[in-house]
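Asks: Coordinates for the following, if possible.
(4 chains)
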Protein chains: 4
Amino acid sequence: MSGNTFGALFKVTTFGESHGPAIGAVVDGMPAGVEIDLEFIQSELDRRRPGNKAAGSTLRKESDTVEILSGVFEGKSTGTSIGMLIRNSDQHSKDYSELQNLFRPGHADWGFHAKYGFRDYRGGGRSSGRETACRVAAGALAKLMLKSISEIKITAYALEIGGVRAEKIAFDEIEKNPLRAPDSQAAEKMAARIEECRNDLESCGGIVECRISGVPAGWGDPVFDKMDALLAHAIFSIGAVKGFTVGDGFDAARSVGSVNNSAPGAAGGIRGGISDGNEIIFQAAVKPTPSIGKVQSMPGIDGQMHDFAIKGRHDVCIVPRVVPVIEAMAAIVLAECALAQRCARICSENF
Amino acid sequence: MSGNTFGALFKVTTFGESHGPAIGAVVDGMPAGVEIDLEFIQSELDRRRPGNKAAGSTLRKESDTVEILSGVFEGKSTGTSIGMLIRNSDQHSKDYSELQNLFRPGHADWGFHAKYGFRDYRGGGRSSGRETACRVAAGALAKLMLKSISEIKITAYALEIGGVRAEKIAFDEIEKNPLRAPDSQAAEKMAARIEECRNDLESCGGIVECRISGVPAGWGDPVFDKMDALLAHAIFSIGAVKGFTVGDGFDAARSVGSVNNSAPGAAGGIRGGISDGNEIIFQAAVKPTPSIGKVQSMPGIDGQMHDFAIKGRHDVCIVPRVVPVIEAMAAIVLAECALAQRCARICSENF
Amino acid sequence: MSGNTFGALFKVTTFGESHGPAIGAVVDGMPAGVEIDLEFIQSELDRRRPGNKAAGSTLRKESDTVEILSGVFEGKSTGTSIGMLIRNSDQHSKDYSELQNLFRPGHADWGFHAKYGFRDYRGGGRSSGRETACRVAAGALAKLMLKSISEIKITAYALEIGGVRAEKIAFDEIEKNPLRAPDSQAAEKMAARIEECRNDLESCGGIVECRISGVPAGWGDPVFDKMDALLAHAIFSIGAVKGFTVGDGFDAARSVGSVNNSAPGAAGGIRGGISDGNEIIFQAAVKPTPSIGKVQSMPGIDGQMHDFAIKGRHDVCIVPRVVPVIEAMAAIVLAECALAQRCARICSENF
Amino acid sequence: MSGNTFGALFKVTTFGESHGPAIGAVVDGMPAGVEIDLEFIQSELDRRRPGNKAAGSTLRKESDTVEILSGVFEGKSTGTSIGMLIRNSDQHSKDYSELQNLFRPGHADWGFHAKYGFRDYRGGGRSSGRETACRVAAGALAKLMLKSISEIKITAYALEIGGVRAEKIAFDEIEKNPLRAPDSQAAEKMAARIEECRNDLESCGGIVECRISGVPAGWGDPVFDKMDALLAHAIFSIGAVKGFTVGDGFDAARSVGSVNNSAPGAAGGIRGGISDGNEIIFQAAVKPTPSIGKVQSMPGIDGQMHDFAIKGRHDVCIVPRVVPVIEAMAAIVLAECALAQRCARICSENF
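Replies: Just a heads-up that it's a prediction; the model follows:
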């Protein structure tokens, strides 16, 4: 069925497999008149690019160049749907036939087989993390739209990697270290932890935190489309995410009412599903990427278990590359809320 | 804007304020031919009913009787939309005028005001937990539908209340104690903790865990409508929820690939957004209910802070009443996935 | 499946069968702050009420009283979903068992059976024209919203009944004759034609025309959600409609470019799917109601043909009662377009 | 806002302007396992191709080659979204600057300007008929899907062009004459009429009829998503359409009940919005294309009227090229209904 569209007003539809000719996105609902800065979109894609050496990636030279096909005229959005295309550069580089009849552990392989009866097994096909490049491109458009409306600033970072936690949150350090940690010293320890995992043919995960300033009070809809519910949906739709919290998250479950009501940051900027004007704070738990070099036991299409080591390039830790994806999904949710807000009151002068 | 509908194929639309004449739900998408057991629907509503004494509720006699208005004929669903109505029995019982110009801390009051310019301030209006009764009624329909398809069993319980954690998961103990803990001994400690909070004019939260057995492999859609993303959306749309995890959740962020790939339960029954045939396990963090008897400082519509004690009946701990709401939302998501699954392959004989 | 919701931003969901306890509608997306005039809503329902004697109805005393259950506070919309309920007053008045095993010609009976395997056969169940009462109630809300935005005036009337055509369009005569013809003299001939049909145990149809003034240029969306496409969907969803045209309609098919481009009214106020600021004009062809007193041959569930005369009260001509339904659906489409328009440009000052 | 998606289960999203780098479509909801015949898709596009000489087109050599980017593996649909791309071959061939400040009569130019504040004025931009190529490509996928399910045959043809009507409906003559008339002799008269219009620097319209056999009884949903309502929406979303009828259409408005109930073809295969198992028949009125060579008076952005002759290649009559577009939209609606049908009953064995 159709699960390749996100959003109702700011609507993102994506397509593309890891090893097909191209991936792409259609953004429908971008209001007319937004300045479309192509360099910014490309720079966001570059942040997600494979080949982050500190994160334990083997170097790849994928460029992920985005081509805007429609919806932009003379540098501005026209109000019509924006088609974006990213060609896959090396789709024929590897023989995947060994994986054809195996279901890699921790991956969607078995689920796809059970669901559809067969699958494009090359590099994970549609379930590959590669599809998140389209989210980043669409999220860049959302950021451009939000910039036209308000001084909204979305900042995600690696709060924790492989059990090593940042001890401070310094925004200006985030993009200065390859792990996107808000604490350069912690970043060195994270890098060491990643190196350790690489030597063990292992992978590790972490926690991404995201802070959003500048969102006015009143965004988000009550009941089913609460802002935190939309964020939960958006963030949990990213492959490796296994947990999502807002504000104090699970700590709130151990607090008492008077404390939780009044502590700064406890609500994470969203109360009753509606932004309260404070900084929005959420966290996502990212599991270790399931692709590891170690020999693993995995089921085959023949019903037997097989010992197999997955070859090829693997990121030891995808957390630094998930950071821009999380920002992108947050931006897409906020763009949705920004547009929905225009319909909240009958008197347009209130907006 | 419109945020009162959840789902695309099994579509639930709700309406109603805490102190209006009635609340209700329309369920659209129920296939024809499902046996509609009215007693079961009512019994689910009774599980959510106010007046759980052990949970620190002052006794109320609200009956929450549901009336089925359409979509059922001769005991079976007809395939058309099912309207359900629950009258509010005591909507005139209290004077809420004191709250008219105050924004209660931890509540959606301020957000509603910022969003809409004014609000039905009586008992929280649309943001009251009372709307969850409609979710429970709709969830009961979803459970009846799922029962017709597969041996799916959804079981939620209070894993932790006020910092007291269940030390075992005994399904048969859950409905035997008023806290819905899967461990009767822990339930007693939880009750003591609640009593303590009541004496302090405080409230406390907890963690609800939900386990779902019987879901076949292959349910859930890749990319944006992953089963865990839909669950995250559904569970986070419940007012008091501040955290959601699947399987090992935040612990996965500290694991390594080979362990996370192979540990039973680590994935929580969902990989790449698709059910893998194993038990589905998720947790939700429930914050302490913000309504407490203590004097609190709260902003007024006049821009000043006011010290004020909110009168009236408050649950000290809503966790036991959230349990059936979480089951209901899980059932609604699964009903959606079950129907979506019918469109996954061209050959109907595969389903 | 779910086909009981219309609209995305101004979203109308209805439920209810002809002979169930009640019918109702939920309107989600009404902006906050619209004055809700209950008398106006009721007066719109009264226009649709059964018992139009001139139209050949046997007198019925159904009151169709609407109860607003939510979403309105102190006389204004709150921005939350508006639940509306209309009790069915005489659902037990007749024995429908004879129709249980027959499929009435021209009705949806056979389709429902083929689709769902069984059906609520009492009075047509969900396929009864009774469901249009909910559309009228929702349309009244849409009209109230539109009134808050712009001087939009929606006027439908019986252009033709039983082959008798109005020879002038005098708006002030429409509600002065029971046939809602814009020409009182033609109305008399229409009434005579209806009387003739009644004597023959027949029914007749007609053409409803609708004119809408005050819609600003720029409403409606290109490509799939053109304003005329939404109107076509809305009007064709009314049971008896078999044709829909905008402006010159089928006459345009015989015109040439220069004439069609420049003739006033040819475009019907919509070009390329977008309102051009001129009066919007459309027509709907209404077939003769299939319920007639004559003996007809109809298939039975037994696979045989049966000669049968359907008993009970039938409108000879439903056209006058379709008029307010068509206005309602037009209003719902315009409310949708009005809200969508708020998201068309990034600069809100342009709206 | 977002109006570039059609359908809920078989969901088609398109993008692209007449003179941008490319147009394209994403089809989401195609079940896995459908054989994807690329030659068939291309052949459908070729039927819509510009350069139909008999229809008064100046010859163009646009190839409209479609590239499938995703969702197909080893010749079969995988269940994931199918991206399709059609490059625009001659987007720089002409200087459109003269049209920048004029609003062509009968076109969407003025509407786009009023809506968005500015527009891509080159060749009509997003409002160009060029976008229908994407509909044809998506419709070809829908036809392939339908072929896997049932012996459904969709046949559209030019029933009337420039006032010349086909006097017989011979399916085997349709593709043998360039006007797609089901009557070769009438086709010659149509061609003469078109030649006449060309000499007059005029254009002409016509009526397309579409017949669909093989649709089982029971497809289509009651109330708002009636099959005829979806068809009306789909067909009216094609730029030049000004009228849509099912079965006897406006003639039904002049019939009486007993005749309309029993005449073959009167219902057009759809009763109460649900297919009845008979042939589905509908008609669409196509206005003369507004692009003509004659000098016309048209408003400018300066508020003045300007006499201007639009240069360039124009089809005198687009009806033959609309024929495959109408088939495509009908196929997309039927694909939606086919999938929806899978959710109509709880027992899958009934389907």
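
Asks: Am I right that residue A:297 sits in a helix?
Replies: No - assessed with DSSP: H, G, I helix; E, B strand; the rest coil, residue A:297 is strand; it does not lie in a helix.

Asks: For residue A:15, give me phi and psi.
Replies: The phi/psi pair for residue A:15 (degrees, to the nearest 10) reads phi -150, psi 160.

Asks: For it, grab the count of nearby residues.
Replies: A count of nearby residues for residue A:15, using other CB atoms under 10 Å in any protein chain shown, gives 30. Bear in mind the C-beta positions are built from the backbone N, C-alpha and C, glycine included.

Asks: Cross-check the contact I'm expecting between it and residue A:24.
Replies: Yes - here residue A:15 reaches residue A:24: they are 5.7 Å apart, a contact under CB atoms under 8 Å.

Asks: shared neighbours, these two?
Replies: A:134, D:26, D:69, D:83 (CB atoms under 8 Å, 6 or more residues apart in numbering or on different chains).

Asks: residue contacts, residue A:169?
Replies: A:157, A:182-183, A:209, A:211.

Asks: which among the shared contacts of residue A:15 and residue A:24 end up buried?
Replies: Among the shared contacts of residue A:15 and residue A:24, those buried by neighbour count (16 or more other CB atoms under 10 Å in any protein chain shown) are A:134, D:26, D:69, D:83.

Asks: Within range of chain D, give me the residues from the stretch 51-200 of chain A.
Replies: Taking CB under 8 Å from any CB of the partner chain, the part of the stretch 51-200 of chain A that reaches chain D is made up of A:67, A:69-71, A:73-74, A:76, A:78-83, A:85, A:115-120, A:125-126.

Asks: hmm, try it at 7 Å
Replies: Taking CB under 7 Å from any CB of the partner chain as the test, the list of the stretch 51-200 of chain A residues beside chain D reads A:69-71, A:73, A:78-83, A:115-117, A:119-120, A:126.

Asks: Residue A:25 falls within a helix, correct?
Replies: No - using three-state DSSP, the assignment for residue A:25 is strand, not a helix.

Asks: thought it was touching residue A:85?
Replies: No - counting by CB atoms under 7 Å, residue A:25 does not reach residue A:85; the two are 8.6 Å apart.

Asks: And these two? Which one has more around it.
Replies: Using other CB under 10 Å, the more surrounded residue of residue A:25 and residue A:85 is residue A:25, with 28 against 24.

Asks: where does the more buried one land on pLDDT?
Replies: We have a pLDDT of 98 for residue A:25.

Asks: What of residue A:243?
Replies: Reported pLDDT for residue A:243: 98.

Asks: could you measure the residue in the stretch 251-351 of chain A that chain D sits nearest to against residue B:205, distance?
Replies: Nearest residue of the stretch 251-351 of chain A to chain D (CB to the nearest CB) works out as residue A:339 at 7.8 Å. Separation of residue A:339 from residue B:205 (CB to CB, to the nearest Å) stands at 33 Å.

Asks: Of those two, which one has the most company?
Replies: For the pair residue A:339 and residue B:205, the greater number of neighbours falls to residue B:205 (31 against 25), based on other CB under 10 Å.

Asks: Return the residues in contact with the closest residue to residue A:33 other than its chain neighbours.
Replies: Excluding the flanking residues, the one nearest residue A:33 by CB to CB, 6 or more residues apart in numbering or on different chains is residue C:346, at 4.3 Å. By CB atoms under 7 Å, 6 or more residues apart in numbering or on different chains, the residues touching residue C:346 are A:31-34, A:145, A:148.

Asks: Just the closest of the residues you listed to chain D, please.
Replies: residue A:32 (3.7 Å).

Asks: So that closest one versus residue D:303, what's the distance?
Replies: From residue A:32 to residue D:303 the distance is 21 Å (CB to CB).

Asks: How about residue A:80?
Replies: 26 Å.

Asks: Tell me which of the two has more neighbours.
Replies: The neighbour comparison of residue A:80 against residue D:303 (other CB under 10 Å) goes to residue A:80, with 32 against 6.

Asks: check contacts around the spatially closest residue to the more buried one that is not a sequence neighbour.
Replies: Computed as CB to CB, 6+ apart, the closest residue to residue A:80 that is not its neighbour in sequence is residue D:126, at 4.1 Å. By CB under 7 Å, 6+ apart, the residues touching residue D:126 are A:78, A:80, C:222, D:17, D:120.

Asks: Helix, strand, or coil at residue D:126?
Replies: helix.

Asks: by contact count, what packs against the helix ranked longest in chain A?
Replies: Using DSSP state H, we find that the single longest helix of chain A is helix A:319-341. In terms of contacts (3 or more CB pairs under 7 Å, 6 or more residues apart in numbering or on different chains; DSSP states H and E), helix A:319-341 is packed against helix A:38-48, helix A:132-149, strand A:153-161, strand A:206-213, helix A:227-236, strand A:280-286.

Asks: Out of those, which is the most enclosed?
Replies: helix A:227-236 (a mean of 29; mean count of other CB atoms under 10 Å in any protein chain shown).

Asks: Return the list of helices and strands in contact with that helix.
Replies: strand A:241-246, helix A:319-341, helix B:227-236.
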